[in-house]
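A.B. asks: Kindly return the folded structure for what I paste below:
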Amino acid sequence: MTSTNGSRVGGFRKEVEQERLGPTLAIAASLVLGIRTAKWPATHSEGLSNAEWDKEIEHSVRIARTVLSHLTTRHPELFRSREVPWYVATDGDVPR
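C.D. replies: Here you go, the predicted structure:
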């Protein structure tokens, strides 16, 4: 099989579809945030930013991203993947 530029496809490798992990990251971060802040007292502010809350959100996203990175690296079969071609160099690809 050849590509449009004349290179030959040598085979395919499976890659996790990273662009589909956005909703997964949002859900995971929300769960981490909910668990970490479950015992906080309920408060209400009129549009004022709470620095402690902002730090907790950033930390929750960092934890969720780390866990997803670990899972996609070590257990990619858990996620939807696609086959990506890899190409074999031809004489035309070698610099002279």
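
A.B. asks: quick one: contacts of the helix or strand hosting residue 62?
C.D. replies: Using DSSP states H and E, residue 62 falls within helix 51-74. Residues outside helix 51-74 that contact it (CB atoms under 8 Å, 6 or more residues apart in numbering) are 16, 18, 21, 24-25, 28-33, 36-37, 78-79. For the C-beta atoms, the positions are set from N, CA and C on the backbone; glycine is no exception.

A.B. asks: rerun that using 6 Å as the cut-off
C.D. replies: Contacts with helix 51-74, where a contact means CB atoms under 6 Å, 6 or more residues apart in numbering, come from 16, 25, 28, 29, 32, 33, 78.

A.B. asks: Neighbour-wise, give me the winner out of those.
C.D. replies: Within the contacts of helix 51-74, most neighbours by other CB atoms under 10 Å means residue 29, with 21 neighbours.

A.B. asks: mind listing what residue 85 touches?
C.D. replies: Going by CB under 6 Å, 6+ apart, residue 85 touches 9, 12.
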